Every structure is written in structure tokens, then in C-alpha cells.
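S.K.: could you work out the structure for the sequence below:
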Amino acid sequence: MATHERELTEPVLLCTPDGRRLDPAATGWSRTPLHTANLRGGWGRTKRWDYWAVLSADVALAVTYADVDYLGMATVWWCDLRTGLTGGVERSLPLARGVALPDRPGSAPLRFVDDHLTLDLVDDPAGTTITAAWTEPGGLAASLDLRIDQPAGHESLNVVIPWSDRRFQYTSKHQARPAHGTLALGDEVHAIGGATPEDEAWGVLDVGRGRWPYATRWNWGGGAGRATDGETVVGIQVGAKWTEGTGATENGVIVDGRLTKVGDELAWTYRWDEPLGPWRVAHPDGSLDLVLRPVHDRHTRVNALVLATEVHQVFGTWSGHVTTDDGRRVEVRAIPGFAEESRSRW
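M.R.: Numbering: from 1, shown residues only. Below is the predicted model:
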């Protein structure tokens with residue numbers, strides 16, 4: 001699964017000095033985050049976000065901190081995958097008041113505070129700490145205390161998707177980062193992560209910085225867990241639709257911390273109107289073939305003036321195989337993961 005894409009190895013600015021156009025030197029991919037997103041101007045089209053998820057056998061969590069110019073978002077969501085119960089809090093903020101993200105992702109703490117939610121995301125060289133406190137719709141006090149480790153040498157998939165010199169996106173996708181902590185719902189405390197493979201939890205990070213067209217569609221999927229040998233750690237990072245025709249993809253696999261970049265588009269097979277059916281993602285040459293079997297559909301639909309979006313994000317387990325760039329075939333069976341399709345006007 002070799003890639004034709006250019007690998008970057010040195011820090012680079014995303015934009016030209018005025019911040020309005022894509023710097024050609026920024027186009028490519030890297031194994032660690034190297035881009036500084038010096039975006040300026042372009043109001044209404046500029047999007048910045050950090051999205052975290054934590055995946056385990058019984059609980060899925062998601063935290064969003066975003067500025068899409070005319071709207072800000074600070075959200076916490078949880079799902080008990082055994083029972084289907086969900087909860088959390090969502091704050092939508094006109095003109096993104098109270099939300100600020102740095103040009104260099106991870107270089108400054110992210111914080112949001114109002115009467116409904118307190119949220120902090122703090123990075124350090126060894127990982128990220130996420131804490132939050134809120135009240136559930138039924139009045140139950142809730143809190144989240146998470147640590148997502150950044151193991152030494154663990155690689156991520158970082159790539160610029162260039163639609164044009166005025167429309168482009170830098171994304172930094174992290175998979176298979178060990179996670180541990182607690183989700184407290186009143187007196188009930190859910191432990192996240194554990195010492196055995198069955199209890200392990202995995203952090204996912206999606207950093208986005210760019211300037212988007214108004215109407216977009218995308219697929220995204222991810223997951224992590226132990227291979228069938230019981231030892232190898234596999235991270236899945238796949239996408240589709242939004243990258244087509246650009247010469248770049250956000251596809252790759254991370255095996256024991258090492259990224260294999262996939263430059264080809266992958267074939268996605270699923271039904272929008274049957275989201276709890278199987279989702280298959282495969283490479284044309286058979287080197288990657290994975291099927292997600294969902295147990296929960298996080299379906300959201302928003303139609304508010306200039307903003308309209310509908311998303312099916314399904315959580316379940318991946319089974320199949322991946323291949324590393326040295327030709328090693330790695331099998332996975334029922335490891336935690338997710339897949340989604342988003343249709344947006346934003």
C-alpha cells in the first residue's frame with residue numbers, strides 16, 4: 001500500500017504570509033504534526049476544531065471544541081454501548097464567542113466555561129488531559145476526567161487536502177492512543193480503560209484547520225485494539241468523498257505506533273438509510289479489508305439558516321485485515337471503532 005503523496009519532514013506554514021491562500025509547500029503528509037495554521041481572513045469559510053473520541057467495548061465518548069466562524073461549539077457526548085443510553089451537553093455559541101483555538105494545534109490549553117458546561121483540554125508532551133463538568137437534561141450532575149497518552153514515537157496521520165489555493169483543509173488524525181479515566185453520572189462512576197485487553201480504551205483525535213466550500217460530504221472511520229495475536233496494537237484511519245480528485249487522502253493504518261500511509265482512495269460500502277447495517281471499507285488490491293458492525297447510531301440533524309447538517313456516526317466493532325508498508329498482514333477481530341457519513345451546508 002505505497003503512497004505517491006509527498007512526505008513532509010520539517011515544520012511548515014499552512015498559508016502564504018497573508019494567511020489567505022494555501023502555501024504550496026504545505027501540501028503533503030507527515031507522521032507527526034508539522035503545520036502551523038496561520039489562517040487569516042476568509043470569514044465564513046474558515047473552520048477550526050479539535051474533536052476527541054474515546055472508544056472501548058462498553059462506552060463511547062466524544063468531546064468537540066470548534067469555531068466555524070459564525071458558530072462555536074463546545075460539546076460532551078457519551079453512550080453506554082451495552083444499553084444504548086446516551087447523554088451529555090451541547091453548547092452552540094453565536095459567532096463562536098468563548099471559543100478560541102491556536103494556529104499551532106496543541107500549543108495552548110482549550111477552555112470553555114458557562115452556566116451549563118465547564119470544559120478543559122490541556123496538552124503536554126506525554127499526552128492530553130480532558131476534564132468536564134455539566135448537568136444532564138434530567139438534572140443529574142455529571143463529570144469527565146480523562147487522560148489520553150501520547151506514547152513515545154507513536155505516529156499520527158497529518159495531511160493537507162488541497163481543493164484549490166483558497167479552499168483547503170489541514171487534518172491531523174490520531175488513532176490508537178491509550179486512554180483511561182472516569183465518567184461520573186451522579187453516584188454512578190464508569191471506569192474508562194483497564195489493565196486487560198478487554199478493558200482497554202483508545203483515544204482518537206481529529207484536528208481540523210482550513211477553509212471549506214459551503215456544501216460538503218465526507219466519510220470518516222477509525223478504531224483501535226489488539227490484533228488477533230493478542231499483542232500487536234492496530235489503529236485504523238480511513239476516509240472518503242471529501243478527498244476525491246485532490247491527489248491526497250486521509251487513509252492509513254498505525255501498527256504498534258508506526259504509520260503506513262495509504263495514498264489510494266478506498267471503497268466504502270454501506271447504506272445511508274440503513275446505518276446499523278455493516279460498513280465495509282476496502283483497498284482495491286485487497287491489502288485492506290475491514291467491516292464495521294454497528295451497535296449504535298449517533299444520528300444528528302440540524303437545519304438553522306445558513307447551517308444545515310445531517311450525520312450518521314455509528315459505533316461498533318471492526319473485523320478484517322490491514323497490511324503494513326513492509327508487507328505484513330495483520331488480522332483484527334471485533335475491535336472498537338466507528339464510521340460516519342456527514343452531509344453539510346456550512
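
S.K.: phi, psi for G44 please.
M.R.: phi 100, psi -30 (degrees, to the nearest 10).

S.K.: got it, and G239?
M.R.: The phi and psi values for G239, taken as degrees, to the nearest 10, are phi -150, psi 180.

S.K.: so who does the closest residue to it other than its chain neighbours touch?
M.R.: Of all residues not flanking G239 in the chain, E250 sits nearest, at 4.1 Å (C-beta to C-beta, 6 or more residues apart in numbering). (C-beta placed from N, C-alpha, C; glycine too.) Taking C-beta atoms under 8 Å, 6 or more residues apart in numbering, we find E250 in contact with L157, V159, I161, T171, K173, W220, Q237, V238, G239, T243.

S.K.: so the fourth one belongs to a strand, correct?
M.R.: Pointing back at T171 there. Yes. Counting by DSSP: H, G, I helix; E, B strand; the rest coil, T171 is part of a strand.

S.K.: partner residues bridging it?
M.R.: Per DSSP bridges, the residues bridged to T171 are V159, G208.

S.K.: next, count neighbours for it.
M.R.: T171 has 23 neighbouring residues, counting by other C-beta atoms under 10 Å.

S.K.: quick check: which ranges of this structure have low pLDDT?
M.R.: Under the criterion pLDDT under 70, the flagged ranges of the chain are 1-2.

S.K.: top of the contacts of E250 by neighbour count?
M.R.: Ranking the contacts of E250 using other C-beta under 10 Å puts V238 first, with 31 neighbours.

S.K.: now it: how far from Y170?
M.R.: Distance, V238 to Y170, using C-beta to C-beta, to the nearest Å: 18 Å.

S.K.: also W77?
M.R.: 25 Å.

S.K.: what does H180 give?
M.R.: The value you get for H180 to Y170, if C-beta to C-beta is used, is 29 Å.

S.K.: please say which of these two ends up with more neighbours.
M.R.: Between H180 and Y170, Y170 has the larger neighbour count (other C-beta under 10 Å), namely 28 against 20.

S.K.: contact partners for Y65?
M.R.: By C-beta under 8 Å, 6+ apart, the neighbours of Y65 are W49, D50, Y51, M73, A74, V99, L101, L110, F112, L119, L121.

S.K.: make that R104, sorry
M.R.: So R104 contacts T36, A37 (C-beta under 8 Å, 6+ apart).

S.K.: what about it, which helix or strand?
M.R.: Assigned by DSSP states H and E, R104 belongs to neither a helix nor a strand.

S.K.: pretty sure L110 contacts M73?
M.R.: No. Assessed by C-beta atoms under 8 Å, L110 is found out of contact with M73, at 12.0 Å.

S.K.: compare those two (neighbour count), which wins?
M.R.: L110 (21 against 18).
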